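Undergrad: Below are the sequence and a predicted model for it; my questions follow.
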Amino acid sequence: MHQRSGEVRRRAGERPPARRRAPRLPRGLRALPAAPRTVAVVIGAVMLYGAVVHVVDLALWGFRSRAWAPMWLNAFWNSLIVFDALSGVLLLKARRGGLYLTCLTMLADLASNLYAVYGVRHSGLGAGSADVIVLLAFGLFVLATAPWLRGQLPTGARASEASTA
């Protein structure tokens, strides 16, 4: 069977085939220049990845996923499911609150992990703590880029204009 031309299809009442659209960024991110948009997307995506990691830990090993750690430390790590996800989503919407929450979450997460390494396990940042080293590098990246990124993200009035544009 041969295909009809676009004009013949329109006369026959048929709809043209649907075109696939490329996924669009949230409105707030589209308003940003390329460099801050890239940094916000990278940080937001890594925060969402962190939330997924904590969900998997909770699903596989339960509330006390790290039996060697005190209960309050396990509770904090489980609470990161909410904080990591919320900060990642807000940052991907180009909200300054997402950046603030990301910085606070990273500071608390770094402090808890360094306490776990040095205070609870009485070890150091060696081969057995590669995850803490990666977290430390990401935390330093977040905290180093935060002042610059804050200046690029829209303020309250600009954020509402960017989300309606």
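TA: Looks like it came in fine.
Undergrad: Give the residue spans of this structure that score low on pLDDT.
TA: Along the chain, segments meeting pLDDT under 70 span 1-17, 22-26, 126-128, 156-165.
Undergrad: Could you pick out the longest helix of it?
TA: helix 34-61 (DSSP state H).
Undergrad: elements contacting it?
TA: Packing partners of helix 34-61 (3 or more C-beta pairs under 8 Å, 6 or more residues apart in numbering; DSSP states H and E): helix 27-30, helix 71-92, helix 96-115, helix 130-152. Where C-beta positions appear, they are placed from N, C-alpha and C, glycine not excepted.
Undergrad: Can you list the buried residues in that helix?
TA: By neighbour count on 16 or more other C-beta atoms under 10 Å, the buried set for helix 34-61 is 36-37, 39-41, 43-44, 46-48, 50-51, 54, 57-58.
Undergrad: now do stretch 99-114
TA: 99, 101-103, 105-106, 109-110, 112-113.
Undergrad: angle of the longest helix of the chain against helix 130-152?
TA: 140 degrees (axes from the mean of the first three to the mean of the last three C-alpha atoms, to 10 degrees).
Undergrad: distance between helix 34-61 and the chain's centre?
TA: Distance of helix 34-61 from its chain centroid, counting by C-alpha atoms, centre = their mean, to the nearest Å, is 4 Å.
Undergrad: Taking their axis directions, it and helix 96-115 sit at what angle?
TA: Using the same axes, to 10 degrees: helix 34-61 against helix 96-115 is 50 degrees.
Undergrad: from now on call the first residue 235
TA: Okay, using 235 as the starting number, the last item reads as helix 268-295.
Undergrad: re earlier: which of the buried residues of stretch 333-348 sits closest to D365?
TA: Within those, proximity to D365 (C-beta to C-beta) peaks at N347, which comes in at 8.1 Å.
Undergrad: what sits against the closest one?
TA: Contacts for N347 (C-beta atoms under 8 Å, 6 or more residues apart in numbering) come out as 366, 369-370.
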